[in-house]
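S.K.: Sequence unavailable; structure follows:
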C-alpha cells in the first residue's frame, strides 16, 4: 500500500479532515512559506489527533531551535529540506530523518549516497529560489533510480489528483507527498481534492 503525506498543513480543520480521509503523515512547514505552521497550532493538532497520523516537521535550517521544535511539538519525523549536514541528521537521529532533495537531474540522485543518515528519501522538484512547494513534477524515471540506494522513496513535486495514479503506477514509491496539489489557496486545503487524491492513490494500488 502506498502511504500518503499531506504537507503544508496550517490549521486544525484540514488536519482532522486529512486524518479522517486516511492519510498516514501530516507535514508541518517550519520555514519561510505561505504554508508555515505555528507552534501552538501544531501542538493543539497533536492533542486532538494523537497518534492517528505521524507528524512530520519540515525544516530548512540547522539550529538549536529546530531540535527544540521537534521536542515541543512531539514530531515523529523530521524532513530536512535544505543543506543540513549529516552531523545534524545524526543529532536528530537517522531513524527519524526524511532527507529531501530537489531533483535537478541524474546527479541529484547520485548524490543520495552522501546522505546515509536518513530513514527515507523524499524527491521533490527543483526550482531556483524555492526550497519546495513548486507545484511542478520532475522526470519520474529518476525516482525509480533512487530506489537503488536502499531506502524507502517518498515521491513529491507537483502531484495532484489528476496525475498521482500515473505516478504510482510508474514509480511505485513507498509514499506520495502533496501540498499545493490539494489546496484551495496556499496554506488552506481543499477537502474534496484531498479525497480525490487519496481515492486515486488507492485505485493505483489496486491496479498494481
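M.R.: Thanks, I have it. Note that the coordinates shown come from a computational prediction; the quantities given were computed from them, not determined experimentally. Numbers count the residues shown, from 1 in each chain.

S.K.: right, and residue 29 touches residue 58 too?
M.R.: Yes: if you go by CB atoms under 8 Å, residue 29 and residue 58 touch, sitting 4.6 Å apart. For the C-beta atoms, the positions are set from N, CA and C on the backbone; glycine is no exception.

S.K.: List the contacts of residue 118.
M.R.: 80, 89, 94, 97, 98, 99, 151 (CB atoms under 8 Å, 6 or more residues apart in numbering).

S.K.: now residue 67
M.R.: By CB under 8 Å, 6+ apart, the residues touching residue 67 are 91, 92.

S.K.: Pick out whichever of residue 29 and residue 58 has more residues nearby.
M.R.: residue 58 (29 against 26; other CB atoms under 10 Å).

S.K.: element containing the residue nearest in space to the middle of the chain, please.
M.R.: In the chain, the C-alpha nearest the mean C-alpha coordinate belongs to residue 177, at 4.7 Å (CA atoms, centre = their mean). Using DSSP states H and E, residue 177 sits within strand 175-178.

S.K.: Show me what that strand is packed against.
M.R.: strand 3-6, strand 25-29, strand 120-125, strand 153-155, helix 164-171 (3 or more CB pairs under 8 Å, 6 or more residues apart in numbering; DSSP states H and E).

S.K.: Residue 204 - nearest residue in space that isn't next to it in sequence?
M.R.: Among residues not flanking residue 204 along the chain, residue 168 sits closest, at 3.7 Å (CB to CB, 6 or more residues apart in numbering).

S.K.: Burial check on that neighbour, number of neighbours?
M.R.: 24.

S.K.: residues in contact with it?
M.R.: With CB under 8 Å, 6+ apart, residue 168 has these contacts: 2, 155, 176, 201, 204, 205, 208.
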